[in-house]
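Asks: Need a 3D model of the following:
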Amino acid sequence: MKIDWAALGSVFGVSLVATVALVGLFTLGIVGLSKQEQASANGGSAALARTGAYACFALCAAAVAYGIYLIVA
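Replies: Numbers count the residues shown, from 1 in each chain. Next comes the predicted model:
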C-alpha cells in the first residue's frame with residue numbers, strides 16, 4: 001500500500017481553508033445581526049447590517065448545499 005502524501009496534504013489544505021472560510025462567514029453574519037440590534041437601539045438604520053448578515057448566511061448555506069451536492073453526485 002502506497003500513500004500519496006501530496007494528495008493527502010492537498011485535501012487537508014483545502015478542507016482547512018474551507019472550514020476557516022465557512023466559520024468566518026458565519027461569524028460575520030452573527031456580528032452583522034448584533035450590529036443591527038445596536039443600531040436599532042441607538043435609533044440608527046440597521047438595513048445595511050441586516051443585509052450583510054443575511055448575505056453571509058446565504059453564502060454559508062450555499063457552501064453547505066454545494067458540499068452536499070458534491071457528496072451525493
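Asks: Name the nearest residue to G29, sequence neighbours excluded.
Replies: C56 (3.5 Å; CB to CB, 6 or more residues apart in numbering). All C-beta spots, glycine's among them, are computed from the backbone N, C-alpha and C.
Asks: Quick check: that neighbour touching K35?
Replies: No. In this structure C56 lies outside contact range of K35 using CB atoms under 8 Å: 12.0 Å.
Asks: more crowded one of those two?
Replies: C56 (20 against 17; other CB atoms under 10 Å).
Asks: From V64, how far off is that one?
Replies: Going from C56 to V64 by CB to CB, to the nearest Å gives 13 Å.
Asks: average pLDDT across the helix or strand V11 falls within?
Replies: Element membership for V11, per DSSP states H and E: helix 5-41. Across helix 5-41, pLDDT averages out at 91.
Asks: Next, the angle helix 5-41 makes with the next helix or strand after that helix.
Replies: Counting by DSSP H and E, the next helix or strand C-terminal to helix 5-41 is helix 47-72. Going by axes from the mean of the first three to the mean of the last three CA atoms, to 10 degrees, helix 47-72 is angled at 150 degrees with respect to helix 5-41.
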